[in-house]
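Undergrad: structure of the sequence below:
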Amino acid sequence: MFSGIIEKKGKILSIENGTYTVENLYGSELTLGQSIAHDGACMTINGFTSESYSFFVMLESLAKTNFGSKKTGDFFNLERSLKVSDRIDGHFVSGHIDCIGLVKKRELLDDGSLLLGINFPETFSKYTIIKGSIALNGVSLTIAEKSDGYILVSLIPLTQDWTNLGEINLSDCINIEFDLLGKYILNTK
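TA: Residues are numbered from 1 along each chain as shown. Predicted coordinates for the structure are as follows:
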């Protein structure tokens, strides 16, 4: 379980046969089998050194995330799983991506905030509400506007600097996880 509050941006050092190697920004805090969200997708650490760590991406994960469009030198938003004693400054994020969205709007406003408009498959629209939570590339955000298959979010300058969303461009693919609690509520009817 995650909160959508990104800790670090980790650089991809290599991608080979489904194994992604990322710079180790956590030092000796890493353990084999540890779960870390990469752009919001929960991945299990299967090897590490003081300089890097690696994880394997299954074909299903490649199909449901933006990992297939990543290349060496790109950055992942990183978040380690929550501890029971931690504050939840974002919202509950499972690390299981629902779909890939496409950036259709990117507008930097005079106050320094950044508007992002994202298209996604309309079947997921039922999970969106204005002022509701959503995780984009693992970042907990609030939906400002919505329509069928589209949401608009706003990023403060700090979020732009601390995450890879500040560098995102039009037509880029983005991982989307809709609000976990909302999905549970809709599926209990």
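Undergrad: show me the strands in this protein, by range?
TA: All strands of the chain, identified by DSSP state E, fall at 8-16, 19-23, 35-38, 41-48, 52-56, 75-80, 99-108, 114-119, 133-136, 139-147, 150-155, 173-178.
Undergrad: in CSV: those strands, plus mean pLDDT, mean neighbour count and distance to Asp89.
TA: Glycine gets a C-beta too; all of them are placed from N, C-alpha and C. Below are the strands of the chain laid out as CSV (pLDDT from 0 to 100; neighbours: other Cβ atoms under 10 Å; distance: least, Cβ to Cβ, whole Å):
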stretch, mean pLDDT, mean neighbour count, distance to Asp89
strand 8-16, 98, 16, 15
strand 19-23, 98, 19, 24
strand 35-38, 98, 24, 15
strand 41-48, 97, 18, 19
strand 52-56, 98, 19, 25
strand 75-80, 97, 23, 11
strand 99-108, 98, 15, 23
strand 114-119, 99, 19, 20
strand 133-136, 98, 26, 12
strand 139-147, 97, 18, 8
strand 150-155, 98, 20, 15
strand 173-178, 98, 24, 17
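Undergrad: go through the ones you listed and name the closest to Glu29.
TA: strand 75-80 (8.0 Å; Cβ to Cβ).
Undergrad: angle of that closest one against strand 139-147?
TA: Between strand 75-80 and strand 139-147, the angle comes out at 110 degrees (axes from the mean of the first three to the mean of the last three Cα atoms, to 10 degrees).
Undergrad: OK, contacts around the residue nearest to Ser3 when sequence neighbours are not counted?
TA: Leaving aside its sequence neighbours, Ser3 sits nearest to Gly90 (Cβ to Cβ, 6 or more residues apart in numbering; 4.1 Å). Shown in contact with Gly90 (Cβ atoms under 8 Å, 6 or more residues apart in numbering): Ser3, Gly4, Ile5, Ser133, Ala135, Ser140.
Undergrad: let me have these in JSON lines, extended by distance to Asp179.
TA: Listed next are the contacts of Gly90 as JSON lines, based on distance: Cβ to Cβ, whole Å:
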{"residue": "Ser3", "distance to Asp179": "13"}
{"residue": "Gly4", "distance to Asp179": "10"}
{"residue": "Ile5", "distance to Asp179": "15"}
{"residue": "Ser133", "distance to Asp179": "5"}
{"residue": "Ala135", "distance to Asp179": "8"}
{"residue": "Ser140", "distance to Asp179": "10"}
